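**Q** only geometry, no sequence info:
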């Protein structure tokens, strides 16, 4: 019997994919209601639930109506970025558990409101940052915790993904990215790279992000793409997009580490998160798919490239060792499945989720802060301490201790 009655808000590609590939595949969830501003998307999601599980699912175009339903215990938010925090806050205020897909916030006030709602209701909003559960990120995190990399000095990551088609056909596909690229200039999607790095660096649990500085290039990629592709709305050939093609953000941490984030989504390129961890004893590079350890590799040792497989026997994270034995499933190489496992395990055990509201707020705040810094020609901007000083002494009761824990 399913333990959690789930309401799903947002039924675009991501929301529909989660319903089809995860929520209708789990033994502990039943989807009872779905919501989208477009009725045809609601009908499609309801049909998936009926065809796969014979569930009769309620549909609505008002997310508040979904949250208020008596047959919804957990609210999963997969809608456009601007609705993530408002929907989560409404759910928490209604006594419902809340989990949200990734994306940056639109203001610091929204981030503070999210934190204040948790502190009043004691209901967390977990960001479903799947990259925290990717195989490489989890193995490197374990190796860092075991001291193989020494003192961590610099971490780097990016959302480096050619999205020109998705953005340019935003009106036709009813996708929210287009309006964001027209009107904003910021690190708009920071958490895929920042989430795993924040966990490796103990952010909000013994460490915190102090300040950032962001710079953006000009915006040329989408105009060029529209010029080359006659199917694209011709108005986009000359539209003055605000969003720079490449955004670089440097973040200084309390323990002295430097984090570098890169947004690169409107120029031709391969997909990469450029996950990089550098310490006094070695480093990992996603782009080389290799680990370099002081005294074990030499400066010109080309066997470094692609050698990550040599470390799996000793350093595979237990979560992935079990996952491989039982059979990897779910999207994005399995990490989609694992982040939902982590969320529902925490709910079952009555524990703080492994990505809690303070994490969600801190990671999402990078977007509006980067926007401010870019507007000020890269000036440093302070990052608020959403824990109000608790990062120095988080009690054990304020941490996740389950199998999917991401903290020390």
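**A** Nice, thanks for sending it over. Values in this document were obtained by computation on a predicted structure and should not be read as measured data.

**Q** switch to C-alpha atoms for all contacts and neighbour counts from now on
**A** OK.

**Q** The residue nearest to residue 241 when sequence neighbours are not counted and residue 170, how far apart?
**A** Leaving aside its chain neighbours, residue 241 sits nearest to residue 182 (4.7 Å; criterion: C-alpha to C-alpha, 6 or more residues apart in numbering). Going from residue 182 to residue 170 by C-alpha to C-alpha, to the nearest Å gives 11 Å.

**Q** Common neighbours of those two, please.
**A** Common neighbours of residue 182 and residue 170, counting by C-alpha atoms under 8 Å, 6 or more residues apart in numbering, are absent.

**Q** what about residue 158, which SS state?
**A** strand (DSSP: H, G, I helix; E, B strand; the rest coil).

**Q** Distance check, it against residue 290.
**A** For residue 158, the distance to residue 290 - C-alpha to C-alpha - is 17 Å.

**Q** Who has more neighbours out of these two?
**A** Just comparing residue 158 and residue 290: by other C-alpha atoms under 10 Å the higher neighbour count belongs to residue 158, 27 against 20.

**Q** all strands for the stretch 151-300 of the chain, in order.
**A** 152-160, 209-216, 246-253, 258-264, 276-279, 282-285, 290-293 (DSSP state E, counting those that start in this stretch).

**Q** With distance to residue 37 and mean pLDDT added, can I get those strands in CSV?
**A** Shown next, in CSV, are the strands of the stretch 151-300 of the chain (distance: least, C-alpha to C-alpha, whole Å; pLDDT from 0 to 100):
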stretch, distance to residue 37, mean pLDDT
strand 152-160, 28, 98
strand 209-216, 33, 99
strand 246-253, 31, 99
strand 258-264, 29, 99
strand 276-279, 39, 98
strand 282-285, 41, 96
strand 290-293, 45, 96
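
**Q** For the helix or strand hosting residue 362, name the packing helices and strands.
**A** When elements are assigned from DSSP states H and E, residue 362 belongs to helix 357-375. Packing partners of helix 357-375 (3 or more C-alpha pairs under 8 Å, 6 or more residues apart in numbering; DSSP states H and E): helix 108-121, strand 125-127, helix 191-200, strand 209-216, strand 381-382.

**Q** how does this structure divide into domains?
**A** Per automatic domain parsing, the structural domains of the chain span 4-130, 132-319+357-398.

**Q** And for residue 127, nearest residue in space, chain neighbours not counted?
**A** Nearest non-adjacent residue to residue 127 (C-alpha to C-alpha, 6+ apart): residue 100, at 5.0 Å.

**Q** Does residue 351 touch residue 400 like I think?
**A** Yes. If you go by C-alpha atoms under 8 Å, residue 351 and residue 400 touch, sitting 6.1 Å apart.

**Q** Neighbour count for these two, which is higher?
**A** A direct count of neighbours by other C-alpha under 10 Å for residue 351 and residue 400 places residue 400 higher, at 22 against 18.

**Q** Surely the more buried one is in a helix?
**A** No. Per three-state DSSP, residue 400 lies outside any helix segment and is coil.

**Q** Can you give me the distance of it to residue 198?
**A** 15 Å.
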